[in-house]
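S.K.: this is a predicted model, with the sequence first.
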Amino acid sequence: MELDPLLLGRLQFAVNISFHILFPTITIGLSWILLYFRIRYTLGRNKPDGDVPNEHWEYAYYFWVKVFALTFALGVVSGVTMSFQFGTNWPGFMERAGNIAGPLLGYEVLTAFFLEASFLGIMLFGKQRVSNRMHLVATALVAIGTTFSAFWILSLNSWMQTPAGFFIEDGQFHIESWWAIIFNPSFPYRFMHMLLACLLTAAFLVAGISAFRCLRGVDGPATRKVMKTGVVIAAAIIPLQIFVGDLHGVNTFEYQPAKVAAMEAVWETEQGAAFTLFGFPDADARTTHAAIKIPYAASLVLTHELDGEVPGLAEFGNDHPPVAPVFWSFRIMIAVAMAMLVVSWWSTWQIWRGNDFTVLTMRVLSWMTFSGWVAVLAGWYVSEVGRQPWIIYGQLRVSEVVADHAGGTVLTTLIAYTLLYGFLLISYVAALRHLATKPSRSMLESQQPGFTGGGLTHG
């Protein structure tokens, strides 16, 4: 069987980025939640806060700092591996677009990674070594650093999706305007969409693990407060995420209509196009079997007119993405978002009513611990698979920049990466489960009469 190095190279990069993206989505969102915990502790030190002393916010902080550090480490390792692949599997990309991609990646390291790595040490080991004010500053700087990281990476990715501010000379991309490159047409929407996705991912992780601890009877001080915090953050953000997602979709329709045609499985240009809730796209027959549609909905959302025109895939010849992966990924993302909306609002309604969470609610929250991962991966598949066959949309094809490796070589490394990342992912989830289920010594001490505080390992 002949092995296609282009297809295998794409699969290998997909495996790498799918594994890597799981961890920054947590650290970016969790860093801001940790800052909230630290602020709550700082504002109310040694003062009661309802039925939970403010010192308990520090217990929560140190428990989740451990989760943050573990997640950060895996994100760094997988990120370095992924960046190497630009040289090993896609050397043509850096040869052609290195003048733009290189500096943007460098800015991410200089303004974000060093900031995160430096001050994370204070967050982990600063207890009784630095002042509380310094601890608070360190937490804020790490949160800012993670956001800077997202800024530069999303700027580069968005430029590859909607290139601007460049000119081509002798086959190489050169800078015409850094401002136009960084703030390219899709960047504001992608950046906000990703930041909100990170906050949602972290919020459901926090709420889910806290619910799991409560169900297991190993919840420590402030666990229920933390669970409520995660739920309220999710309930507040998910409507905003849906709104930003709609703006992002309209922007994509303007600059990448072939991607939208694949998302909606619109085969021929239509006036008053329907939105397909469910169906089975058939690229060979150029139809969607068993389709359940909402009339005029696609045109209304994309053009804000009932009879608005939506270009079909036939308009783009062979320069359009594979339909089925984009079509299904988009619907998975939407389905998970709707589930997040229902669960977070239902849980917040229980809080508003003054009721404690029911066992059923906590079980659902526990089941949805990693729901953010599912939505983020589905969204990234829509974005990245939907860009095909271009690596720089409309300017440079993926097939033009792939390395000239033997198919067997790429297959071997693909299998190795998949096995390694599968092992690391299982280990990561197991580590989180261990942290969530094993009562710490300090928690046991906190349950003794006369306990006054001092433990650092639970929330």
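M.R.: Ah, there it is.
S.K.: ok, which stretches of the stretch 251-400 of the chain are helices?
M.R.: 257-264, 297-303, 323-352, 359-367, 371-385 (DSSP state H, counting those that start in this stretch).
S.K.: weakest of the ones you listed by average pLDDT?
M.R.: Among the helices of the stretch 251-400 of the chain, helix 297-303 has the lowest mean pLDDT, at a mean of 85.
S.K.: who's in contact with it?
M.R.: Helix 297-303 is contacted from outside by 246, 249-250, 253, 260, 264, 266, 270-276, 305-310, using Cβ atoms under 8 Å, 6 or more residues apart in numbering. (C-beta placed from N, C-alpha, C; glycine too.)
S.K.: stretch 190-197 - what's its average pLDDT?
M.R.: For stretch 190-197, mean pLDDT rounds to 94.
S.K.: distance from that stretch to the middle of the chain?
M.R.: Centroid separation between stretch 190-197 and its chain, computed with Cα atoms, centre = their mean, to the nearest Å, is 8 Å.
S.K.: would you map the strands across this protein?
M.R.: In the chain, the strands defined using DSSP state E lie at 166-169, 172-175, 270-271, 275-282, 287-294, 309-310, 390-392, 396-397.
S.K.: for the record, mean pLDDT for stretch 278-285?
M.R.: Average pLDDT, stretch 278-285: 84.
S.K.: quick revisit: PyMOL command for the buried members of the contacts of helix 297-303?
M.R.: To isolate the buried members of those in PyMOL, using 16 or more other Cβ atoms under 10 Å:
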select buried, resi 249+253+260+264+266+270+272+273+274+275+276+308+310
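S.K.: quick one: contacts for the residue nearest to Met263 when sequence neighbours are not counted?
M.R.: Once flanking residues are discounted, Met263 sits nearest to Phe330: 4.6 Å by Cβ to Cβ, 6 or more residues apart in numbering. Contact analysis of Phe330 by Cβ under 8 Å, 6+ apart lists Met263, Ala378, Val382.
S.K.: pretty sure Val385 contacts Pro322?
M.R.: Yes - contact criterion Cβ atoms under 8 Å: Val385 and Pro322 qualify, at 6.6 Å.
S.K.: check the strands of the chain for me and report the most buried one.
M.R.: Counting by mean count of other Cβ atoms under 10 Å, strand 390-392 has the highest mean neighbour count of the strands of the chain, with a mean of 21.
S.K.: okay, the strands of the chain in CSV with distance to Ala339 next?
M.R.: Shown next, in CSV, are these (distance: least, Cβ to Cβ, whole Å):
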stretch, distance to Ala339
strand 166-169, 41
strand 172-175, 41
strand 270-271, 30
strand 275-282, 15
strand 287-294, 19
strand 309-310, 27
strand 390-392, 32
strand 396-397, 37
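S.K.: ok, which of those strands comes nearest Lys225?
M.R.: Smallest distance to Lys225 across the strands of the chain (Cβ to Cβ): 38.7 Å, for strand 275-282.
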